[in-house]
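Student: Below is the structure, and that's it, no one-letter string:
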């Protein structure tokens, strides 16, 4: 996946809470597969013809903050102040038919022992034997290719968005991975109510070559390019209530807060999160007078880089941030920086708990949207899901249907009986119920904490922060405000197979490195402009032409 997106694999994870709320970058680029080096993409009409019907559930729990419909199809995630206690069932009738299936997905937690009590409890509820096989997330990119080469794919495979190219999913769909269109396309999905309740954008992330292959996981109704955060508790203590409307206001606030002699700097790393403020086209590509153009030389990007350099040269950015040094606890959490950019998944109960442990009263807050010049702000809608699972083509139609019933169980919504079992196990064995929801026992921590089933199917993301309802309130209020300004970035939720000769140029690594150097005040703007010129001559312009002819001109935008 192109590094021009604001989110790398590391950022993807650090921005999420147990991967929930992770933001997907888009498009989901893949190396050329079985297209004889030409690459390709679906068409708009083809996608619409295979997308499952969206039908929200009526038998789930009622959120304290219902989803808010915004501009351009944006839909905020529902929010809950307390963990539900009624736990209604959303799945009726028989789920499994006694089949046995293996499912491989990445894990960044200790891998539980196989055949444990948690797995047994889930399989009993499913009426089938689902065998999770977690793979080390840090080496997952090396685990799957040998299985592909040996034609030994599991029955069910999770493919994180940033590994789509590594696994050559564009070449596996239809040859190794099952076409789910007959089972889920259109009203067919209504046989699986929990799957039908997944927002449409998530399903689009699983469409290849005008057919539906993937089951979306961790779908976000409003995936965005993060936010700018400030330490509300520390600014409150200074009697400062931010009233930022422009980039000049933002810089002035930084100047007011900056105190290097006291070991406190105003800003941490923010470059890619300031793109939104300057209305830089996200995802590297945009339409300019009907033609695909790169954002690398967009005037607003140059202005943003110059602005970042001004902040750095004025001594408003922490030196370690400029040096690319990470820290634990983070500089923001430690109060060494008061403003930072980050993914929305960082604004959660885990952040609050850890922050308060370091300093009582710790409070993270996101700035309301603003633009560089005070005009109406915008917020880009990036990918709806960066986690898609696929079924093996060797499965029979009856086996595929059984797996889809299992996926429907996995996709039960927050607060349901099925969700509780899938995420926490059996009460009294794997967890005990507290006022803030399930608390894992030693057995649960050993076997059920990995939440592996969510990688094969899961409901729309939910705002819930156990024991920290104020975090949920602030988060929901921020989303309800910004949803009005949402717009889809170019190629959003599209799987585009880029020809082999463009795979390196699409990454744009040298350009990104040059942008960072300029933003950190280490190189002049000409350094970045030279890198862009070289990139364009080396294939960037040709790639733009390819997108124009093979994607845009064929009716995708």
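Tutor: Received it, and whenever you're ready, just let me know what you need. Bear in mind that the values here come from a model prediction, so they are computed numbers and not experimental data.
Student: Not counting its own residues, what contacts the host helix or strand of residue 515?
Tutor: Following DSSP states H and E, one finds residue 515 within helix 509-519. Contacts with helix 509-519, where a contact means CB atoms under 8 Å, 6 or more residues apart in numbering, come from 3-4, 271, 296, 301, 305-306, 308-309, 312, 523-525, 527-528, 530-532, 534-535. Yep, even glycine has a C-beta here, placed from its N, CA and C like the rest.
Student: Residue 103 belongs to a strand, doesn't it?
Tutor: Yes: looking at residue 103 with DSSP: H, G, I helix; E, B strand; the rest coil, it is inside a strand.
Student: Would you verify that residue 106 is located in a helix?
Tutor: No: with three-state DSSP as the criterion, residue 106 is strand rather than part of a helix.
Student: List the residues that contact it.
Tutor: Contacts for residue 106 were tallied using CB under 8 Å, 6+ apart; they are 134, 135, 136, 137, 140, 158, 160, 455.
Student: Restrict those residues to the buried ones and give me that as a ChimeraX selection.
Tutor: In ChimeraX, the members of those classed as buried (16 or more other CB atoms under 10 Å) are selected with the following command:
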select :134,135,137,140,158,160,455
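Student: Show me which of the contacts of helix 509-519 are buried.
Tutor: Among those, those that count as buried by neighbour count (16+ other CB under 10 Å) are 3-4, 271, 296, 301, 305, 308-309, 312, 523, 528, 531-532, 535.
Student: returning to that earlier point: elements contacting the helix or strand following the helix holding residue 515?
Tutor: Counting by DSSP H and E, the element after helix 509-519 in chain order, helix or strand, is helix 525-535. Using 3 or more CB pairs under 8 Å, 6 or more residues apart in numbering; DSSP states H and E as the contact definition, the elements that helix 525-535 packs against are helix 299-313, helix 509-519.
Student: Which residues does the longest one contact?
Tutor: Residues outside helix 299-313 that contact it (CB under 8 Å, 6+ apart) are 247, 251, 254, 267, 270-271, 274-275, 277-281, 295, 317, 322, 372, 515, 518-521, 525, 528-529.
Student: distance of residue 270 from residue 301?
Tutor: Going from residue 270 to residue 301 by CB to CB, to the nearest Å gives 14 Å.
Student: For the helices and strands packed on helix 525-535, give me JSON lines that also has mean pLDDT.
Tutor: Listed next are those as JSON lines, based on pLDDT from 0 to 100:
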{"stretch": "helix 299-313", "mean pLDDT": "98"}
{"stretch": "helix 509-519", "mean pLDDT": "96"}
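Student: Quick check: which of those is nearest to residue 285?
Tutor: When those are compared for distance to residue 285 using CB to CB, the nearest one is helix 299-313, at 12.3 Å.
Student: Measure how the closest one sits relative to helix 525-535, angle-wise.
Tutor: The directions of helix 299-313 and helix 525-535 differ by 140 degrees, with axes from the mean of the first three to the mean of the last three CA atoms, to 10 degrees as the criterion.
Student: which other helices and strands contact the helix or strand just after helix 299-313?
Tutor: Moving toward the C-terminus from helix 299-313, the first helix or strand encountered (DSSP H and E) is helix 319-322. With contacts defined as 3+ CB pairs under 8 Å, 6+ apart, the packing partners of helix 319-322 are strand 265-267.
Student: what packs against the strand it packs on?
Tutor: Counting contacts by 3+ CB pairs under 8 Å, 6+ apart, strand 265-267 packs against helix 247-257, helix 319-322, strand 337-342.
Student: make it 10 Å
Tutor: Counting contacts by 3 or more CB pairs under 10 Å, 6 or more residues apart in numbering; DSSP states H and E, strand 265-267 is packed against strand 227-231, helix 247-257, helix 299-313, helix 319-322, strand 337-342.
Student: what sits against residue 59?
Tutor: Remark: with contacts taken as CB atoms under 10 Å, 6 or more residues apart in numbering, residue 59 is in contact with 88, 89, 90, 91, 92, 193, 194, 413, 416.
Student: got a pLDDT number for it?
Tutor: The predicted local confidence for residue 59 comes out at a pLDDT of 81.
Student: Report the contact partners of residue 273.
Tutor: Residue 273 sits next to 6, 225, 226, 227, 228, 229, 340, 341, 342, 343 when contact means CB under 10 Å, 6+ apart.
Student: So which of those is the closest to residue 169?
Tutor: Relative to residue 169, the closest of those is residue 6; by CB to CB it sits at 22.1 Å.
Student: Show which residue of the chain lies farthest from the average position.
Tutor: Of all residues in the chain, residue 261 sits farthest from the chain's C-alpha centroid, using CA atoms, centre = their mean; the distance is 37.9 Å.
Student: Pretty sure it sits in a helix.
Tutor: Yes: under the criterion used here (three-state DSSP), residue 261 sits inside a helix.
Student: what is the orientation angle of the helix holding residue 515 with helix 525-535?
Tutor: 170 degrees.
Student: Buried residues in helix 509-519, which are they?
Tutor: Going by neighbour count (16+ other CB under 10 Å), the buried part of helix 509-519 is 511, 512, 514, 515, 516, 517, 518, 519.
Student: ok, those residues vs residue 424, which is closest?
Tutor: Distance to residue 424, by CB to CB, is smallest for residue 512 among the buried residues of helix 509-519, at 40.3 Å.
Student: Relative to residue 532, how far out is the closest one?
Tutor: Shown here: residue 512 relative to residue 532, a distance of 11 Å by CB to CB.
Student: Find the residues that touch each one of the two.
Tutor: Common neighbours of residue 512 and residue 532 (CB under 10 Å, 6+ apart) are residue 296.
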